[in-house]
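Asks: just need the structure, nothing else, for what follows:
(one chain, ligands or ions: 2)
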Amino acid sequence: MTKTAPESTPPLTVREPEVISGGHLVAKALKAEGVDVIFTLCGGHIIDIYDGCVDEGIEVVDVRHEQVAAHAADGYARITGKPGCAVVTAGPGTTDAVTGIANAFRAESPMLLIGGQGALSQHKMGSLQDLPHVDMITPISKFAATVPSTERVADIVSMAFRECYHGAPGPSFLEIPRDILDASVPVEKARIPKAGAYRASTRQAGDPEAIEKLADLLVNASKPCILLGSQVWTTRATDSAIDLVRGLNVPAYMNGAGRGTLPPGDPHHFQLSRRYAFTNADLIIIVGTPFDFRMGYGKRLSPNATVVQIDLDYRTVGKNRDIDLGIVGDADLVLSSVFQAASGRVSNGAASRKAWLEELRAVETQAYEKRLPRQLSDSEPIDPYRLVHEINEFLTEDSIYIGDGGDIVTFSGQVVQPKSPGHWMDPGPLGTLGVGVPFVLAAKYARPDKEVVALFGDGAFSLTGWDFETLVRYNLPFVGIVGNNSSMNQIRYGQIQKYGEDRGRVGNTLGDVRYSEFAKMLGGYGEEVHSPAEIRPALERARESGKPSLINVWVDPEVYAPGTMNQTMYK
Ligand SMILES: Cc1ncc(C[n+]2csc(CCOP(=O)(O)OP(=O)(O)O)c2C)c(N)n1
Ligand SMILES: [Mg+2]
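Replies: Ligands and ions are numbered 1, 2, ... in the order given. Coordinates of the predicted model:
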């Protein structure tokens, strides 16, 4: 059993090889899953996990707010394809992380949140930081449980990882009572699942009949289009998607993490003609994205089109609107087998779709040219279109782009095109402000070889901005840009529309903050930018600085993105 050395104050825990503590069992289970880092903010309830991580060689990245730890775990999962892990203390530590797990839930991101809990021996006695975490988190996770005994700690951690991959991926939550975590048990009594031996691939190939049917639909369609959603990245279906759209000559639109599947300039890459395509297509294939608000709940698709939906989650297929064909399966497997099946047909119809692609390209070019003067605008204060245009020009194939904000990020969604797959990060359908700094942490930590470029609204940055210091502490350089309008502008616009200009300034005003000074105070690089011509040189200097940076760009608070003006997110 564990002994304590009598002379030392406080007594040091001496571990004996034949016993193992709960925290060390957590670390062993994390290691077995391939987790090499935990994002955390400390608390007395969870320190034994840190001690286990030391033994297992798992890095402990400490942040300043538990929301950041949870978002970072989400971001880490997206970037690496491995589950992310955040460890937070009981009570307020866990409630602080709730937004992070909620965001991962809506974004289908596999992560494990481990929360401390008061000792089981003090259950419901009013112990420090005691709350019903499992009850709180159950509806926003794929699995939430209390670990009931030390012997089962690693077993339940591995169970939680298994649950992350049921259907579309998502987060799991475990609370571990303090006495369970700190106690030691004989090693042979603990179940310690071995790496690779406690869960199987959950990839589904899709119903073979449906695959054949889709191949037939595709070869016979004269005006098909395909929307490549986030699951194209989740399932790493990039190559299969590219083979299909090129081989069958299908125009592709991308959203969420699916952006960047095709590079900008690719003949099959379309963006600005989506509505036209959805109105005029005869076949619309939706891959790995739900008919939620971002898709107008499926209402804006042509009533004459054949609609096909492919998704990891059976609950998403056919939800909110009828479909002609649904396939539950992994986008990579489904798209590759559909392409294979179509290639076996006498003709795959590719050549006959040339005119359709030209028609869409003309719509695309016209929309682009209409907007171009705004993107090149020299006006002061700076037109947000000019800022996002400059950012788009600045990105390279190795830049991971992160958007965190309201109106400013709506502008960027129209203009910024990631140059490579998996190089676009946004919160997802929860629309959570504050994911930016944690996503920078995750992305740059996981991929130090990549450049990370993040655009923040001034409101969004303020929510989690103190963790800029964490980026400095861990020496994680990135190019940060604040699109500063001293307002929560996306909300302000709606208020003005609803209540009039004179009542439009309620609860949405931020001060004129020089975020560059904030960056410098914390040891980063910063610059203020007031005129359009200064944007690019400032971005270049931020890139050269080799530091976490904030270029604070003062944008016109009186202009709004078209999406904000239409209030499309509420329709
Ligand atoms: C955590 C969270 N709180 C509030 C909101 C509601 N909200 C959506 S956009 C927005 C304004 C954001 O302001 P800012 O980041 O400065 O971007 P701007 O619209 O000014 O460009 C707010 C408050 C949200 N989406 N998430
Ligand atoms: Mg703002």
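Asks: which SS class is the residue nearest to G349 when sequence neighbours are not counted?
Replies: Setting aside the residues directly before and after it, G349 is nearest to V219 in space (C-beta to C-beta, 6 or more residues apart in numbering), at 4.6 Å. All C-beta spots, glycine's among them, are computed from the backbone N, C-alpha and C. Using DSSP: H, G, I helix; E, B strand; the rest coil, the structure places V219 in helix.
Asks: all numbers from here: first residue = 30
Replies: Understood, numbering begins at 30; the last thing we discussed is V248.
Asks: which pLDDT value belongs to V248?
Replies: What the model reports for V248 is a pLDDT of 96.
Asks: residues near it, how many?
Replies: V248 has 20 neighbours, counted by other C-beta atoms under 10 Å.
Asks: wait, it sits on S381?
Replies: No - the pair V248 / S381 is not scored as a contact, 9.6 Å apart, by C-beta atoms under 8 Å.
Asks: list the buried residues in stretch 163-172.
Replies: Across stretch 163-172, burial judged by 16 or more other C-beta atoms under 10 Å covers V163, M165, I166, I169, S170, K171, F172.
Asks: quick one: residues in contact with it.
Replies: Residues outside stretch 163-172 that contact it (C-beta atoms under 8 Å, 6 or more residues apart in numbering) are 123-124, 127, 130-131, 134, 142, 173-175, 188-189, 192-193, 195, 198-202, 204.
Asks: for PyMOL, what selects the buried ones among these?
Replies: Per 16+ other C-beta under 10 Å, the buried members of the contacts of stretch 163-172 correspond to this PyMOL selection:
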select buried, resi 123+124+127+130+131+134+142+173+174+175+188+189+192+193+198+199+200+201+202+204
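Asks: what about N333, helix or strand, and which?
Replies: Following DSSP states H and E, there is no helix or strand that holds N333.
Asks: quick one, what contacts it?
Replies: Contacts of N333 (C-beta under 8 Å, 6+ apart): D311.
Asks: any idea how far it lies from ligand 2?
Replies: Distance of N333 to ligand 2, given as C-beta to the ion, to the nearest Å: 41 Å.
Asks: could you count how many residues lie near the residue in the stretch 130-279 of the chain positioned nearest to ligand 2?
Replies: Here the stretch 130-279 of the chain gets closest to ligand 2 at one residue, N132, 20.0 Å apart by C-beta to the ion. By other C-beta under 10 Å, the residues close to N132 number 27.
Asks: what's the next secondary structure element after the helix or strand that contains V582?
Replies: V582 is part of strand 578-583, with elements assigned from DSSP H and E. Heading C-terminal from strand 578-583, the first helix or strand you meet, by DSSP H and E, is helix 591-595.
Asks: and that following helix, how far out from the chain middle?
Replies: Relative to the centre of its chain, helix 591-595 is centred 23 Å away, using C-alpha atoms, centre = their mean, to the nearest Å.
Asks: same deal with stretch 220-233?
Replies: Relative to its parent chain, stretch 220-233 has a centroid offset of 24 Å by C-alpha atoms, centre = their mean.
Asks: using PDB, write out every CA atom in it.
Replies: Output of stretch 220-233 as PDB, limited to C-alpha atoms (Å, rounded to 0.1, in the frame of the first residue of the first chain):
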ATOM      1  CA  ARG A 220      -8.500  -3.400 -15.000                       C
ATOM      2  CA  ILE A 221      -6.100  -1.600 -17.200                       C
ATOM      3  CA  PRO A 222      -7.200  -1.900 -20.900                       C
ATOM      4  CA  LYS A 223      -4.300  -2.300 -23.300                       C
ATOM      5  CA  ALA A 224      -3.700   0.100 -26.200                       C
ATOM      6  CA  GLY A 225      -5.500  -1.000 -29.300                       C
ATOM      7  CA  ALA A 226      -7.400  -3.800 -27.400                       C
ATOM      8  CA  TYR A 227     -10.500  -2.100 -26.000                       C
ATOM      9  CA  ARG A 228     -12.200  -0.500 -28.900                       C
ATOM     10  CA  ALA A 229     -12.800  -1.200 -32.600                       C
ATOM     11  CA  SER A 230     -13.200   1.000 -35.700                       C
ATOM     12  CA  THR A 231     -16.800   2.300 -36.000                       C
ATOM     13  CA  ARG A 232     -16.400   3.300 -39.600                       C
ATOM     14  CA  GLN A 233     -19.500   2.300 -41.600                       C
END
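Asks: just the mean pLDDT for it, thanks.
Replies: 96.
Asks: again with stretch 450-460
Replies: Here the average pLDDT along stretch 450-460 is 97.
Asks: which residues of this protein lie near ligand 2?
Replies: On the criterion C-beta under 5 Å from the ion, ligand 2 has as its neighbours in the chain the residues G486, D487, G488, N514, S516, N518.
Asks: pretty sure the residue of the stretch 130-279 of the chain closest to ligand 2 sits against A101.
Replies: No - in terms of C-beta under 8 Å, N132 does not count as a neighbour of A101; the distance is 11.3 Å.
Asks: name the residue of this structure that lies nearest to ligand 1.
Replies: For the chain, the residue closest to ligand 1 is G486, as judged by C-beta to the nearest ligand atom, at 2.0 Å.
Asks: give me the number of residues near that residue?
Replies: 28.
Asks: surely it meets V438?
Replies: Yes - distance between G486 and V438: 6.4 Å, which falls inside the contact criterion (C-beta under 8 Å).
Asks: shaky segments in the protein?
Replies: Within the chain, the segments meeting pLDDT under 70 span 30-39.
Asks: how about S156, what does it touch?
Replies: S156 makes contacts with G147, A148, as judged by C-beta under 8 Å, 6+ apart.
Asks: what helix or strand is it located in?
Replies: Per DSSP H and E: S156 is located in neither a helix nor a strand.
Asks: could you do the one 10 residues further on as well?
Replies: With secondary structure defined by DSSP H and E, I166 is part of helix 162-166.
Asks: ok, Q260 next?
Replies: Per DSSP H and E: helix 259-263 holds Q260.
Asks: which strands and helices sit next to that helix?
Replies: Contacts defined by 3 or more C-beta pairs under 8 Å, 6 or more residues apart in numbering; DSSP states H and E place helix 259-263 against helix 360-372.
Asks: redo that, cut-off 10 Å
Replies: Packing contacts for helix 259-263, counted by 3 or more C-beta pairs under 10 Å, 6 or more residues apart in numbering; DSSP states H and E, involve helix 95-109, helix 267-277, strand 281-283, strand 312-316, strand 335-340, helix 360-372.
Asks: and this structure, which residues reach ligand 1?
Replies: 434-437, 460-463, 486-489, 512, 514, 516-520 (C-beta under 6 Å from any ligand atom).
Asks: tell me the buried residues in whichever helix in the chain runs longest?
Replies: Determined from DSSP state H, the single longest helix within the chain is helix 383-404. Buried residues in helix 383-404, counted by 16+ other C-beta under 10 Å: W385, L386, E388, L389, V392, E393, A396, R400, R403, Q404.
Asks: export those residues to CSV and tack on distance to G289?
Replies: Converted to CSV, those look like this (distance: C-beta to C-beta, whole Å):
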residue, distance to G289
W385, 24
L386, 20
E388, 25
L389, 19
V392, 22
E393, 17
A396, 20
R400, 21
R403, 24
Q404, 20
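Asks: need the max-distance pair from those.
Replies: W385 and R403 (28.8 Å; C-beta to C-beta).
Asks: picking up where we left off before, just the CA trace of the longest helix of the chain, in PDB.
Replies: Presented in PDB, the C-alpha positions along helix 383-404 are these (Å, rounded to 0.1, in the frame of the first residue of the first chain):
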ATOM      1  CA  LYS A 383     -19.300  20.900 -68.800                       C
ATOM      2  CA  ALA A 384     -22.000  23.400 -69.600                       C
ATOM      3  CA  TRP A 385     -23.400  23.200 -66.000                       C
ATOM      4  CA  LEU A 386     -20.000  23.900 -64.600                       C
ATOM      5  CA  GLU A 387     -19.500  26.900 -67.000                       C
ATOM      6  CA  GLU A 388     -23.000  28.200 -66.000                       C
ATOM      7  CA  LEU A 389     -22.000  28.100 -62.300                       C
ATOM      8  CA  ARG A 390     -18.600  29.600 -62.900                       C
ATOM      9  CA  ALA A 391     -20.200  32.600 -64.600                       C
ATOM     10  CA  VAL A 392     -22.500  33.100 -61.600                       C
ATOM     11  CA  GLU A 393     -19.500  32.800 -59.300                       C
ATOM     12  CA  THR A 394     -17.400  35.200 -61.300                       C
ATOM     13  CA  GLN A 395     -20.100  37.800 -61.400                       C
ATOM     14  CA  ALA A 396     -20.700  37.600 -57.700                       C
ATOM     15  CA  TYR A 397     -16.900  37.900 -57.100                       C
ATOM     16  CA  GLU A 398     -16.600  40.900 -59.400                       C
ATOM     17  CA  LYS A 399     -19.500  42.700 -57.800                       C
ATOM     18  CA  ARG A 400     -17.900  42.400 -54.400                       C
ATOM     19  CA  LEU A 401     -14.300  43.100 -55.500                       C
ATOM     20  CA  PRO A 402     -14.400  46.900 -55.100                       C
ATOM     21  CA  ARG A 403     -15.400  46.500 -51.400                       C
ATOM     22  CA  GLN A 404     -12.500  44.000 -51.000                       C
END
